[in-house]
Each structure stands twice: as structure tokens, then as C-alpha cells.
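Enquirer: Provided below are the primary sequence and the corresponding predicted coordinates.
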There are 2 protein chains.
Amino acid sequence: MANRRASITDLAKALNLSTSTISRALADHHDVSEATKKRVRALAEELSYQPNQLAAALRRGRTNTLGVLVPHITGHFFPQVVNGIATEAARLGFNVMICQSNEDVKQERKNIDLLMNSQVEGILVSLANTTKDFGHFEAVRSQNVPLVFFDRVVEGFRGDNVSAVMLDDYQGAYQVVDHLLEQGCTRIAHFTGPLHINIHKGRHQGYLDALKAHGVPVDNQLIIIGELNQKTGAAYMRKLIKQDRRVDAIFASNDLAAVGALQEAKAHGLRVPQDLAIAGFSNEPFTTLVEPQLTTVDQGCDTMGISAVRLLQKMLAGNPDRQMQPRNVVLKPKLFVRESTLKKK
Amino acid sequence: MANRRASITDLAKALNLSTSTISRALADHHDVSEATKKRVRALAEELSYQPNQLAAALRRGRTNTLGVLVPHITGHFFPQVVNGIATEAARLGFNVMICQSNEDVKQERKNIDLLMNSQVEGILVSLANTTKDFGHFEAVRSQNVPLVFFDRVVEGFRGDNVSAVMLDDYQGAYQVVDHLLEQGCTRIAHFTGPLHINIHKGRHQGYLDALKAHGVPVDNQLIIIGELNQKTGAAYMRKLIKQDRRVDAIFASNDLAAVGALQEAKAHGLRVPQDLAIAGFSNEPFTTLVEPQLTTVDQGCDTMGISAVRLLQKMLAGNPDRQMQPRNVVLKPKLFVRESTLKKK
DNA sequence: TTGAAAGCGCTAACAA
DNA sequence: TTGTTAGCGCTTTCAA
């Protein structure tokens, strides 16, 4: 028997009270007698009454829900950020609706629509890497739903009620290279992704500036631009060895490429870090599982999620109707020095 | 200016039509004239009208939403399963609401309530490992909301509209050990988690039975029960070496412990796989990053998610009001043989 | 092909 | 302290 859920009306009838009294009793409103509250609560318990949030939200005009849109919910980075978001949102009493775009603009558009239709009170989004056009965010902006971009942010799209949280990639890369230089390295190669992507641009600039600051000349032969994964990391390493570039350190803009390079270097008989120091970026869990453990940069994923929610919260709170100035938060990354770059002890 | 969202009523007024016509036009109902539809759609576009799903769902009594509750949304396994769920759900036209219990029963209870209050049409859940009492699922069952447990399933809790998807851990472990025996190993140690947990029990039984099937005696000295992570894996390995147990293979019930053992073995000068074969369980991404690459068992996370949704879908579909027999799906794991156990070539 | 009207379950202003 | 009433935005019979 498909038990229909009990409604406030059911409770009201059963107790010979009005729906409003029931509603107030359940909300623990101060002007309902304790006796009544007790009766109501008892019956609610008995019928295992579940308030219908849909109806409540519709009536109140508030859903208490935030929307989250990420490129994917797998891997290391995004789940971690989403965790931060979910945790902080829960702390502030918000529910969270999570969607993934699968790096596809069309999905992204669809999901934004879905979130808007679901009447979320704010949206946190990290862009698909194919997103060039931002029309789908117009509706969000025009309806004044606060929007926070995180990690993958839009350059061109700003406005009231639009903010961004990102990592200081430049700073992170600078720290890495600075550290390598201090270890005595001078021929430092850089494996980087395409430079039109903001994270790669930032990291590369950090690399360049750190070298410059130490008076070490930039050698373009040591800069390799391309996809960054285990395979390509190994391939780039192989190339450097074959060309006999005499590098004494590798800074790869992600950890997977760093590990690829590490394995290839070892296969060629190079000792890490004695002959070659290697550093990555992101502090993926596996960086402590490889040998030697990999020096890398932690991105503080949780912090990013938390900051994003707080930013949203501020826009929501300070905003009974007026806009807030767009605000950007830039998070400081943290260098984790491990064996793979420790030449000096 | 906080642009209020356009509603059907707004469209109706502007076009001098009734709300019902607008509603039908937007739903592309067949008995609305093309001309009218066009006008409606044009205006909807212009005002960037967003249907209010809350209101629609309330009215229809259907939310088209599934609830998902996992212990955590970080790590490798759960995000992967959730991905499977989200993808399949989207294919079937469902939205998905994702919650995490953080391995805490109280959170779990709260989230189940939340999902029920949100009027989800079905719930997919993987239990927190502290969950012993299942009272919070009573409401789900009594209101006939289909429930699918996956991976971490309940033994004692069954009923109409309750199903489960799990992995055949026994089978997976059996395959691993069978493979090790075929490689000529006979002194195979097993690192296992607490045996009251179903996955560990299953894997351990697979280990025992495979040995038995090959007529290899079980040596209890080679069975180590405890937490399974990198550190403990290394510790267990150290112990075996110190005690001079002369093992020629390790089967660890998870990959992290296997890697710990691997590193420790190498540190002691053992060659893997020549002197010692090592296998793990779960096919975590890092298993291909360590050296040698680790033999392990893939759990088909996506498949699990997909199966779970399909099961739910069946309960939903076949169920205008009558119950469905509980149904359990047991997925076959897949052995991935890699270098760490390849003694013969 | 369109419209009128009712109501999903809840909340909140206003009355009593 | 409790009840009456209206209405959130939508869908859906029923009638025109």
C-alpha cells in the first residue's frame, strides 16, 4: 500500500486544529502553547510526517539551496573543492545541488538552466575548458542570482553579484622555482600546458620571474609546451635527455607530468634528486606514493570551496536588493618540499 | 534592480492569453496553434523565462529527482560511482541530489530526511561505516520510496522496494590469488581489514578458497588483520620480513596497503616481482604510477552507479502502486594483471 | 483551440 | 493562543 505522505492538513484534521497552528507548532513558533506543540509533535512523529520542502520553498520564495557546477566530479581536485563547498554550505544552513558539465559547454548551459529552474539562491561554477561564450550566464546575472566562479574563472565576464576565487598560480610556481634555485639548480626545464589557459600562464610567468630574480638566464630550449600527463611527461624527459640539454631540474606544471618525467629519468639511470630534481604542481595524493616523494604545490582545495561559499554568502546577505561590488579572492598556495628536490640536507 | 523572474502569469498578461494556454504552449502540447506557440516562445525567450520547477513539481507531485547519499564525495571510488549514477540518471531524465554522510550516522539520518523532504522519487545510498541502526530508513520504506543500497549494503534491512548492488569481492580476491598461485607462488600472505566488514570478509574468503582449490595449506601466520593504509602495509611487510616468514607473495585487500608493502619490500632489497609478488584491490589510479605497476582488481565503479540507477528505475517503472520483489545485483570484478606479479613472462 | 477554476502543501498577514 | 484567508507558480480537468 503506497502510504501517502502525511501533510499538515492531515495533522490539522486529526487534531482538530488549523493548518496554521500546525505549521507554527512544527516551526516551534513562540506563540503556540506547549501543550499543543506536544500533541502536534507526537502525532507528526507517529505518522512520520515529512514537511514538503517544495511547497515551503515555493511559498516562502526561498529554497535555501546553492547550485554547484563543476567540469567533473571525479579526479582529485574537484571532489575536494566540492567537499569544501558542501561542508561550508551545510554549516550555513544551505543545501547544495551538484552538477557536472563533463567539460562540455552544452552540458554547462543545460545545467545552468537546471539550477536556475530549481530556484537556487546562488551558483558556484568552475568552467568547462571549452567554454568561450558566456551567454548562458546572462540569465543568472540579469536575475541577480549571485555567481561565484572558482578555479576556472572567466576573464571577460564581470558584473554586480559576480565574484571569483582563484589560486595564485604565479606565486606557487615562483616558490617552486625559487626553491629549486636555492638547491643549486640552474638548468631548470619547465613542462607547461597551453599558455592561453590562465593557470598555465600564471605558472609559467612565475617560473620566468623566479629565474630572472636570481639572475639565471631563460633558455627557451628548456621550455616545453603541450599536454601534461604521465605519458607526455615521460616523452618530454626523453627528449631532453636525447638532446643532451644537461638539465638539473624539472618543474612540471602538473603532478602527472612530473611523475612521468620521474619514471623516465630513473629508467635512464638518473638519480633523483642528486642528478635531477623534479617538482610538480597540485599535491595529488599519489605524489607521496612515488619514489622519491614528489615536491609539489598544494592548492588548498577545501579552502577554495569554503572561500567560494563565504563569498556567495556575503553577496546574499549584504543584498536585500542592492548589488555588491564584484570581489575576487586569490588564495595563496603552499609549497610542499619532499625528497624529489632535496639536494642539500 | 532585482529583476523578478518572469512567470507564466506574466507571459499570459503580456500576450492576453490564459495561463493554461501558455503552459500548454511551452510544453509543446499538440492542441495549441502554431502561431500561438511561436508568440509564446518568442516572449519567453525575450524575458528569459525560466519555469519554476518547484511549482511544477508540487503541482505534478513528481520531482523527477533522485537522491544520492555517499559516505564521502572525495577519494577515488565514490566520485566514480556517483559519476556513473549522475550520467545514467541524466540519460533517463532524472536530476540528482547528492549528499555525503562523512561516515557519520547522524549526518546520514539528517541527509535521508533532507532527501525525503525534498520529495526525491528514489534514493541511492552507500552506508556510513558506523551505521548499525537502520531506523532512519524506515520512513523511506514505509512511504514506499524505492531504495537502492550500493557497495556498503545492509544485511538485515530488506523489504519491498529495497534493492542492492554490490561487488563480488569473493570472486575478485579468488582471481587474484588464483593468479598468484599460477605464477608459482605458494607462500601468499594476506593483509586484510576487520573481518566483520562484508567486503573484507568476502575478499578473505576468496583468498582462503583459492588456496584450498590449489591444495595449498593456509598458514595463519601469513594472515594479518588490521587497518589498511600505506603505513600499515609497510609495517605488516616489515613484520613478515623480520619474522622471516619467507613469503613469496602479498595479497593486500586494498591498494594503499599494497603500495606500502611494495615500498617496504624494495627498501629491504627485495625485487618485485622476482623475489616477491604483490597485488592489491580496487585499481586506484596510483597503481599504474608506482614501480612496478601494481596488479589489482577493478571494481567497475561506473558500472555500479549505472546498475544502481537502472535498478531504481525498474522499481519506479514497474510500480504504479504495487511492490517489486527486492532484487540484488552482484557485479563481477575484473583482474588487472600488471608487472608486480608477473614472474613468468 | 482556448479559458476558467481548482488545488498541490505550505506560510504569513490579519483577525479573533 | 488559535483560526481564516490568500496565494507562491504551475498543471490539469472540464467547459466553452
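Expert: Ah, there it is. Predicted model, so just to flag it, every value in this text is computed and none were measured. Numbering: from 1, shown residues only, chains lettered A, B, ... in the order given.

Enquirer: least confident secondary structure element in chain A?
Expert: Lowest by mean pLDDT, DSSP states H and E among the helices and strands of chain A is helix A:138-142, with a mean of 87.

Enquirer: wondering if it reaches chain B at all.
Expert: Yes: using C-beta under 8 Å from any C-beta of the partner chain, helix A:138-142 reaches chain B at A:Glu138, A:Ala139, A:Ser142. All C-beta spots, glycine's among them, are computed from the backbone N, C-alpha and C.

Enquirer: next, format those residues as JSON lines and append neighbour count.
Expert: Converted to JSON lines, the residues of helix A:138-142 next to chain B look like this (neighbours: other C-beta atoms under 10 Å in any protein chain shown):
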{"residue": "A:Glu138", "neighbour count": "13"}
{"residue": "A:Ala139", "neighbour count": "17"}
{"residue": "A:Ser142", "neighbour count": "13"}
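
Enquirer: give me the residues contacting the least confident helix or strand of chain A.
Expert: A:Ile112, A:Asp113, A:Met116, A:Ile123, A:Leu147, A:Gly159, A:Asp160, A:Asn161, A:Val162, B:Asn3, B:Ser48, B:Gln50 (C-beta atoms under 8 Å, 6 or more residues apart in numbering or on different chains).

Enquirer: CA atoms of that helix as CSV?
Expert: C-alpha atoms of helix A:138-142 as CSV (Å, rounded to 0.1, in the frame of the first residue of the first chain):
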residue,chain,number,x,y,z
GLU,A,138,23.5,36.3,-18.7
ALA,A,139,20.2,34.9,-17.3
VAL,A,140,21.9,34.3,-14.0
ARG,A,141,23.3,37.8,-13.9
SER,A,142,20.1,39.5,-15.1
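
Enquirer: direction included, what does the helix or strand following that helix pair up with?
Expert: Sequence-wise, the next helix or strand downstream of helix A:138-142 (DSSP states H and E) is strand A:147-150. Take DSSP bridges as the rule and strand A:147-150 pairs in its sheet with strand A:122-125 (parallel), strand A:162-167 (parallel).

Enquirer: ok, which stretches of the stretch 151-300 of chain A are helices?
Expert: A:169-182, A:198-213, A:230-242, A:255-267 (DSSP state H, counting those that start in this stretch).

Enquirer: output the ones you listed in TSV; the columns should cover mean neighbour count, mean pLDDT and distance to DNA strand C.
Expert: Formatted as TSV, the helices of the stretch 151-300 of chain A follow (neighbours: other C-beta atoms under 10 Å in any protein chain shown; pLDDT from 0 to 100; distance: least, C-beta to the nearest atom of the strand, whole Å):
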stretch	mean neighbour count	mean pLDDT	distance to DNA strand C
helix A:169-182	22	98	44
helix A:198-213	19	96	43
helix A:230-242	19	97	53
helix A:255-267	24	97	48
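
Enquirer: next, format the strands paired with strand A:147-150 as a markdown table and append distance to B:Gly93 and mean pLDDT.
Expert: Listed next are these as a markdown table, based on distance: least, C-beta to C-beta, whole Å; pLDDT from 0 to 100:
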| stretch | distance to B:Gly93 | mean pLDDT |
| --- | --- | --- |
| strand A:122-125 | 22 | 96 |
| strand A:162-167 | 31 | 93 |
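
Enquirer: out of the ones you listed, which is the most enclosed?
Expert: strand A:122-125 (a mean of 26; mean count of other C-beta atoms under 10 Å in any protein chain shown).

Enquirer: which residues sit against that strand?
Expert: With contacts defined as C-beta under 8 Å, 6+ apart, strand A:122-125 is touched by A:66-70, A:85, A:108, A:112, A:115, A:140, A:145-150, A:308-309, A:312, A:315-316.

Enquirer: what is the end-to-end distance of stretch A:261-281?
Expert: Start-to-end span of stretch A:261-281 (C-alpha to C-alpha, to the nearest Å) is 13 Å.

Enquirer: wondering if it reaches chain B at all.
Expert: Yes: using C-beta under 8 Å from any C-beta, stretch A:261-281 reaches chain B at A:Gln263, A:Lys266.

Enquirer: just say helix, strand or coil for the residue nearest the centre of chain A.
Expert: For chain A, the residue nearest the mean C-alpha position is A:Val81 (4.0 Å; C-alpha atoms, centre = their mean). Following DSSP: H, G, I helix; E, B strand; the rest coil, we place A:Val81 in the helix state.

Enquirer: how close does it get to B:Gly184?
Expert: A:Val81 is 47 Å from B:Gly184, where distance means C-beta to C-beta, to the nearest Å.

Enquirer: list the buried residues for the helix or strand encompassing A:Leu69?
Expert: A:Leu69 is located in strand A:65-70, with elements delineated by DSSP H and E. Using 16 or more other C-beta atoms under 10 Å in any protein chain shown as the test for burial, strand A:65-70 gives A:Thr65, A:Leu66, A:Gly67, A:Val68, A:Leu69, A:Val70.

Enquirer: just checking, the second one touches A:Gly93?
Expert: In this case it means A:Leu66. No: assessed by C-beta atoms under 8 Å, A:Leu66 is found out of contact with A:Gly93, at 10.6 Å.

Enquirer: for burial, what's the neighbour tally of the closest residue to A:Gln80 other than its chain neighbours?
Expert: Leaving out its chain neighbours, the residue that sits closest to A:Gln80 by C-beta to C-beta, 6 or more residues apart in numbering or on different chains is A:Cys301, at 3.5 Å. By the measure other C-beta atoms under 10 Å in any protein chain shown, the count of residues near A:Cys301 is 23.
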